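Visitor: build the 3D model from these lines:
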Amino acid sequence: MFFSVIIPVFNRPDELRELLDSLTKQTYRNFDVLVIEDGSTNQSDDVVAAFANRLSIHYYVKENSGQGFTRNYGFERASGDYFVIFDSDALIPPHYFSAVHEQLTTHWLDAYGGPDQAHPDFTPVQKAISYSMTSPFTTGGIRGSKKNLGGTYHPRSFNMGLSRKVWEKIGGYTLSRMGEDIEFAIRIIENGFKTGLIPEAFIYHKRRTSFGQFFRQLRFFGRSRINISRYYPGELKLVHTFPALFTLAVFSLPVLALISPTLAGIALGILTLFSLSIFIDATREEKSLKVGLLSVIAAYVQLIGYGVGFLREGWKRLREPKHFRETGATMDYPS
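Guide: Numbering: from 1, shown residues only. You can find the predicted model right below:
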């Protein structure tokens, strides 16, 4: 089986260098790499050239169009039997393609997703952010859960693969931002393709290096969930409202304290128990008190960031003209 690895890049040559270096260490080598520069001002041509003798690599430069359409650009030029998508801020363990190949040759999947983990060399903040995005105490835990091995698993594009047959039947991304990977996964499943999680196909995902960047990213994720409801109203579930409810609860504590100190005390006790659970679990998992403390902050940043984005875009959705609400069309909002 021959894989084509598709990597959109936007002003990240240093991160791309680390990703490409990790690909040179793969135990399964039957793949090529397509790097697509998405309108970057800080381009990666020198980085790609440095790997010309170590990887089968192709480099393309195009105008900026966002991640989804840039991946489509790669699909159109890929020669593999199977396409694999990585974000440029990822590191790939040496066993990755061996694990994927074994899965696909024993239990076929038309499309798959893999979880992410924190690399030992990550900073404490990066480890805390990674924990919050995979923790069972936050919205991230479902992405790496073995419970999602069934056919309704929705792969995410930071670590995702799909067969050429999927691409040929349904095409690529119809959105380039604001939940493009969710929409893509929904169409894959609706067309009868088998999807699933490959737990062994994990990557080390750097994500953001500060809580400010992380908050902005999660705010965008919250907005994206509402945007998907414009096209697929049934995909907006009760569970997606939890970060918004959490956000409202946190910010309403001062008002609640004025109205009912008893209720405010109960709410504060629940939040304290929640924080303590995260601290204990993250400290145990990462074997670091510092990461445990930072993980509490990361969890609040994640939930509140997502909740703020969800509430903001949800309010816009409610105020859209009736035509937009009924047809699922989206209005042009800046990201």
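
Visitor: helices of the stretch 101-250 of the chain, start to end?
Guide: For the stretch 101-250 of the chain, applying DSSP state H, counting those that start in this stretch gives helices covering 124-132, 164-170, 180-190, 211-231, 242-251.

Visitor: deepest of those helices, which one?
Guide: helix 124-132 (a mean of 25; mean count of other CB atoms under 10 Å). Every residue, glycine included, has its C-beta placed from N, CA and C.

Visitor: on that earlier part again, what about the helices of the stretch 101-250 of the chain, which gets the closest to Q26?
Guide: Across those, Q26 has its closest neighbour in helix 164-170 (20.3 Å, CB to CB).

Visitor: for the closest one, name the packing helices and strands.
Guide: Counting contacts by 3 or more CB pairs under 8 Å, 6 or more residues apart in numbering; DSSP states H and E, helix 164-170 is packed against strand 82-86, helix 180-190.

Visitor: so which elements touch the longest one?
Guide: Translated: helix 180-190. Counting contacts by 3+ CB pairs under 8 Å, 6+ apart, helix 180-190 is packed against helix 67-77, helix 164-170, strand 195-197, helix 211-231.

Visitor: recalculate using a threshold of 7 Å.
Guide: If you count contacts as 3 or more CB pairs under 7 Å, 6 or more residues apart in numbering; DSSP states H and E, helix 180-190 packs onto helix 164-170, helix 211-231.

Visitor: least reliable of those helices by average pLDDT, please.
Guide: With a mean of 91, helix 211-231 has the lowest mean pLDDT of the helices and strands packed on helix 180-190.

Visitor: and that one, what does it pack onto?
Guide: The contact analysis (3+ CB pairs under 7 Å, 6+ apart) places helix 211-231 against helix 180-190, helix 289-319.

Visitor: sorry, back to before: mind checking which of the helices and strands packed on helix 180-190 is nearest I182?
Guide: Short answer: helix 211-231, nearest of the helices and strands packed on helix 180-190 by CB to CB, at 5.0 Å.

Visitor: related to what we said a few turns ago, would you turn the helices and strands packed on helix 211-231 into TSV with distance to R12 and mean pLDDT?
Guide: What follows is the helices and strands packed on helix 211-231, written out as TSV (distance: least, CB to CB, whole Å; pLDDT from 0 to 100):
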stretch	distance to R12	mean pLDDT
helix 180-190	18	92
helix 289-319	22	95
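
Visitor: any chance of JSON lines for the helices of the stretch 101-250 of the chain, columns distance to G39?
Guide: Output for those, formatted as JSON lines (distance: least, CB to CB, whole Å):
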{"stretch": "helix 124-132", "distance to G39": "27"}
{"stretch": "helix 164-170", "distance to G39": "23"}
{"stretch": "helix 180-190", "distance to G39": "17"}
{"stretch": "helix 211-231", "distance to G39": "19"}
{"stretch": "helix 242-251", "distance to G39": "31"}
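
Visitor: pLDDT below threshold where in this protein?
Guide: 140-151, 207-208, 322-335 (pLDDT under 70).
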